[in-house]
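Undergrad: generate a structure from the sequence data that follows.
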Amino acid sequence: MRPELIDIVLVNTSHPGNIGAVARAMKNMGLSRLTLVAPRQFPDDMATSRATHAVDLLQAARVVPDLDSAIGDAQFVVGTSARGRRIPWPVQDPRRCAARMGAASDAGQRVAVLFGREDRGLTNDELNRCNLHLHIPSDEAYTSLNLAMAVQIVCYELRMLAVADALPAAETAEWDTPFSTQANMERFYAHLEATLGAIGFLNPAAPRQLMPRLRRLFGRVRLDEMELNILRGILTATDEQVERAGGPVFGTQRTGSEP
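TA: Below is the predicted model of the structure:
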């Protein structure tokens, strides 16, 4: 496992003490890359106090305004979720998920692990951005976990990988092309949605669950850059045929389609 390629990402954390406690949990387990998405209060003395000997992680933490800025360069994104979703998503427990994350980092891929707000976790839209969901199987009698506790559990499983050096061979095999970044995937999804509208397959006024399901499909597969370029080429060729035929069915304008 390569911890320098694994980012712990906290989304809209409300209590600065939790940020400090997370930094301490990370440092205990040998992780150092902390990203904060629009924290309510940071920097803060409470965060510093709770971090104890991990103040250096707070000082080096990356603070960004939105999720796009946090995971744009990530190639494998994991979102923590405490509940089931309307559209089922690939979900694993911390141990199995850590094996996937450790193996991805060993193959040189940037990994981001998302932890949501203390009171309501990650939104459906944020979870739709993830390749995989991680669920901590706490007891049904009391399922609530403190943010730092949840981070500690995940970091512990990653630490056990590092100590045991137990990386699955199938995930660490060399790949001929780098996996696509999250930013490039978002441009692809914007292009795909526009093209599906142009050919009449998706009605922008009544999209239902088509795009979340397509996100789940491509997130599960994990496209590399060459595969993504092939799909973008197919979409571009389709766009050209639509223009020759007289324009889009629903009048959709293509957005976010730059390479």
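Undergrad: contacting residues for the residue lying closest to L147 once chain neighbours are set aside?
TA: Using CB to CB, 6 or more residues apart in numbering and skipping the chain neighbours, the partner closest in space to L147 is N18 (4.6 Å). Quick note: C-beta positions are derived from backbone N, CA and C, even for glycine. Shown in contact with N18 (CB atoms under 8 Å, 6 or more residues apart in numbering): 10, 50, 118, 146-148.
Undergrad: so which of those residues belong to strands?
TA: Residues of those located in strands (DSSP state E): L10.
Undergrad: now do stretch 82-91, average pLDDT.
TA: Taken as a whole, stretch 82-91 has an average pLDDT of 72.
Undergrad: centre of the chain to stretch 68-78, how far?
TA: Centroid separation for stretch 68-78 versus its chain: 5 Å, with CA atoms, centre = their mean, to the nearest Å.
Undergrad: quick one: mean pLDDT over it.
TA: Rounded mean pLDDT across stretch 68-78 is 97.
Undergrad: what are the C-alpha coordinates of stretch 23-38, in PDB please?
TA: The C-alpha coordinates for stretch 23-38 follow below in PDB (Å, rounded to 0.1, in the frame of the first residue of the first chain):
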ATOM      1  CA  ALA A  23      -6.100  13.900  12.100                       C
ATOM      2  CA  ARG A  24      -5.000  12.000  15.200                       C
ATOM      3  CA  ALA A  25      -6.700   8.800  14.000                       C
ATOM      4  CA  MET A  26      -4.900   9.100  10.600                       C
ATOM      5  CA  LYS A  27      -1.500   9.700  12.100                       C
ATOM      6  CA  ASN A  28      -1.900   6.700  14.400                       C
ATOM      7  CA  MET A  29      -2.400   4.500  11.300                       C
ATOM      8  CA  GLY A  30       0.300   6.100   9.100                       C
ATOM      9  CA  LEU A  31      -1.900   8.200   6.800                       C
ATOM     10  CA  SER A  32      -1.100  11.900   6.300                       C
ATOM     11  CA  ARG A  33      -3.200  13.300   3.400                       C
ATOM     12  CA  LEU A  34      -6.200  15.100   4.800                       C
ATOM     13  CA  THR A  35      -8.600  17.100   2.600                       C
ATOM     14  CA  LEU A  36     -11.400  19.300   4.000                       C
ATOM     15  CA  VAL A  37     -14.300  20.300   1.800                       C
ATOM     16  CA  ALA A  38     -15.900  23.600   3.000                       C
END
